[in-house]
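A.B. asks: quick check, what structure comes out for this input:
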Amino acid sequence: MKLFSKLFWSFLTVFLLFAIIFYIFTYKNVNSNYLDASRHYLEEYGNIIQAGIISFVHSGDYEGLDRYIHGLNTQIRITYIDLDGKVRADSDKDKKTLENHADRPEIISAWENGTGFAWRFSTSVNHKMLYFAERIMVEDVTAGFLRLSFYDYQIEELQKSLSQDMTKYLIIGVMISLILTYFISRSFIKPIQMLASATKKLSAGDFSVRLNPSSKDELYDLSLSFNIMTDKIDKLVQEISAQKESLRNIIDNINELLWVIDTHTEKITMANKAFSRFLGIEDPTNKHFWEIFRNMEINQLIKDAISDRKAVIKEVNIREHICHMSIYFHQENGSMIILLHDISPLRQLEKVKRDFVINASHELRTPLASIKGYTELLKRNVSPENENILEAIERNNQRLTFIVNDILSLASLEDISSLDREKANVSTLLDNAANIFKTRLEAKNLKLKKNYLPNVYALIDIFRFEQIVNNLIDNALKYTSQGSITLSLVIENKNLVFECKDTGIGIPENSLSRIFERFFVINKSHSRKSGGTGLGLSIVKHVVQLYGGEISVKSVLNSGSSFKISIPLEP
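C.D. replies: Prediction:
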């Protein structure tokens, strides 16, 4: 039911209830007042004729009394009743035909109270009548009762007339109430309808709508609040629209492919221009992502990410392009944000650089070998004054050879994506590594401590694991002048954990984040003296990444360093 109907019928109901209550009250009040007036009239009339009645009663002339009351010629019925209830005179009926009236209510009340009043049906005249009775006193003694009455049709006629007039007024009142109720309800509902209409326009995006209240009441305050709210919403929407447009321009002008997927429907909800250009689709929105990409690898990555609700970063191949794919989740609405960065030129450049390094390294090997050979020949007949020069040539040739070998080793690592694992005794591999460096350890008077069980087996790539161990021991030897080197090996939480700890010079805290960079050395003069290439730790980190493991380092300056490697037992 509409608000207007509710207000209309509510107001009308109140008006009708008030009118009906007023009708009933007025009708009863008028009727009661008329009865009281009639009673008073009968009482006054009785007082007028009482003296004549008493004179006949005192003389006992009841026949004269009967003639007297007949001669009054009035519309009021006059009856005299003695103490025994016998009718002695009656103006309308033959007194001889009338029954005893001692049991009449008005007579009983007059006997008890002096006067009596009743409105009842009369068996004598077969009609409803209004009665008034009072005692007749003769010499201060009750002699009988004077009863006055008139027919009910006079009251009925009054009631009928009163009822007709009241009904007519009631109908007029109802009609007026209908008109008043309509206009009052309309006056209440019109501002609300205006507010409802303005609210619909506002919800439809029309922020220019305003209310102009005509009266200063509660609805006036509400209208002002609505106008203020609309102004704020309009300003806010304009700001959001400007921000959205700015963000859209930024997104459309970036070279990376960006699109958003609704994880519930698996449909693309937004994509930038670079995405549309790359795929050759004008508008990819509202399409399932697997309709756009006919690439099983990408589709499976997206499905797995939706299922696991985890971010994904991976390189993928799309239409002969190598792309860096990043998947993120918007926590509030559950959308998936995907960014594709084409790194094909970068990978091509890396390949060119790698090929150049490999080719250059291979080309350097021949002259380095020749230099080494000629140096050895010259050493047979070298004069004492030139011996230092040959040693310097040999030392630098050896260092350059190490650098070339490490560069080739790194290049070979970059070309492989998996390792050839086999079950091996890792403890034995550590023992063999210790034997390789035994001479150098003794030369520097360093102790090699073994903190591992004799038979620890694991699935590893033996050659690559030896690269890790040999490079870490070699690095520890170069930077440890006294004390010891400790090798630890343990299996914990399904990982093979290897640690190489030394008591060397340590690493400055500001250099810890860079020690795995290629050709990075903390002390260049010390590195040249010790024959370091700056590539050993880079090789270690690359091999660990191929294992899918982790490497960490802890160091205290002038106290030593600890390199810890954790490799998953299962590939």
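A.B. asks: rest of the way, CA atoms for contacts and neighbours
C.D. replies: Noted.
A.B. asks: which strands or helices does the helix or strand harbouring residue 29 pack on?
C.D. replies: Residue 29 belongs to helix 3-59 when assigned by DSSP states H and E. Helix 3-59 sits against helix 62-71, strand 127-138, strand 141-151, helix 153-203, with contacts defined as 3 or more Cα pairs under 8 Å, 6 or more residues apart in numbering; DSSP states H and E.
A.B. asks: got the buried residues for the shortest one?
C.D. replies: This means helix 62-71. 62, 65-66, 68-70 (16 or more other Cα atoms under 10 Å).
A.B. asks: what's the answer for the second one, then?
C.D. replies: For strand 127-138, the buried set under the neighbour-count rule, 16+ other Cα under 10 Å, comprises 128-136.
A.B. asks: between those, which is closest to residue 102?
C.D. replies: When the buried residues of strand 127-138 are compared for distance to residue 102 (Cα to Cα), residue 133 wins out at 11.9 Å.
A.B. asks: name the nearest residue to that closest one, sequence neighbours excluded.
C.D. replies: Sequence neighbours aside, residue 147 is the residue nearest to residue 133 in space, at 4.2 Å (criterion: Cα to Cα, 6 or more residues apart in numbering).
A.B. asks: one more: residue 115?
C.D. replies: That would be residue 134: by Cα to Cα, 6+ apart, it lies 4.3 Å from residue 115.
A.B. asks: likewise for residue 465?
C.D. replies: Sequence neighbours aside, residue 543 is the residue nearest to residue 465 in space, at 7.8 Å (criterion: Cα to Cα, 6+ apart).
A.B. asks: need the three-state assignment for residue 497.
C.D. replies: Under DSSP: H, G, I helix; E, B strand; the rest coil, residue 497 falls in the strand class.
A.B. asks: what is residue 501 paired to in the beta sheet?
C.D. replies: Residue 501 has these beta-bridge partners by DSSP bridges: residue 486, residue 562.
A.B. asks: quick one on the thing from earlier: let me know the pLDDT of the residue nearest to residue 133.
C.D. replies: At residue 147, the pLDDT value in this model is 88.
A.B. asks: burial of it, as a residue count?
C.D. replies: 26 (other Cα atoms under 10 Å).
A.B. asks: in terms of contact, does it touch residue 80 like I think?
C.D. replies: Yes. Residue 147 lies in contact with residue 80 (Cα atoms under 8 Å); the separation is 6.2 Å.
A.B. asks: this structure - how does it break down into domains?
C.D. replies: Here the chain is described, according to automatic domain parsing, as comprising the domains 3-158, 207-253, 254-342, 347-411, 417-568.
A.B. asks: going by mean pLDDT, which of these comes out lowest?
C.D. replies: Looking at the domains of the chain, the bottom one is domain 347-411 with a mean of 68.
A.B. asks: pretty sure the residue nearest to residue 115 is touching residue 142, no?
C.D. replies: No. Counting by Cα under 8 Å, residue 134 does not reach residue 142; the two are 10.2 Å apart.
A.B. asks: backbone dihedrals for residue 490, please?
C.D. replies: For residue 490, the backbone dihedrals (degrees, to the nearest 10) come out as phi -160, psi 150.
A.B. asks: gap between it and residue 181?
C.D. replies: As for residue 490, its distance to residue 181 is 93 Å (criterion: Cα to Cα, to the nearest Å).
A.B. asks: so which strand or helix has residue 505?
C.D. replies: Residue 505 is part of no helix or strand when elements are defined by DSSP H and E.
A.B. asks: and for residue 92?
C.D. replies: Residue-wise, residue 92 maps onto no helix or strand under DSSP H and E.
A.B. asks: list the contacts for it?
C.D. replies: For residue 92, the contact set (Cα atoms under 8 Å, 6 or more residues apart in numbering) comprises 70, 77-78.
A.B. asks: give me the most central residue, the chain.
C.D. replies: residue 332 (9.3 Å; Cα atoms, centre = their mean).
A.B. asks: so what's the residue count around the residue lying closest to residue 457 once chain neighbours are set aside?
C.D. replies: Closest residue in space to residue 457, ignoring its immediate chain neighbours: residue 425 at 4.5 Å, by Cα to Cα, 6+ apart. If you count neighbours by other Cα under 10 Å, residue 425 ends up with 16.
A.B. asks: next one: residue 146
C.D. replies: Neighbour number of residue 146 under other Cα under 10 Å is 24.
A.B. asks: great, nothing more from me.
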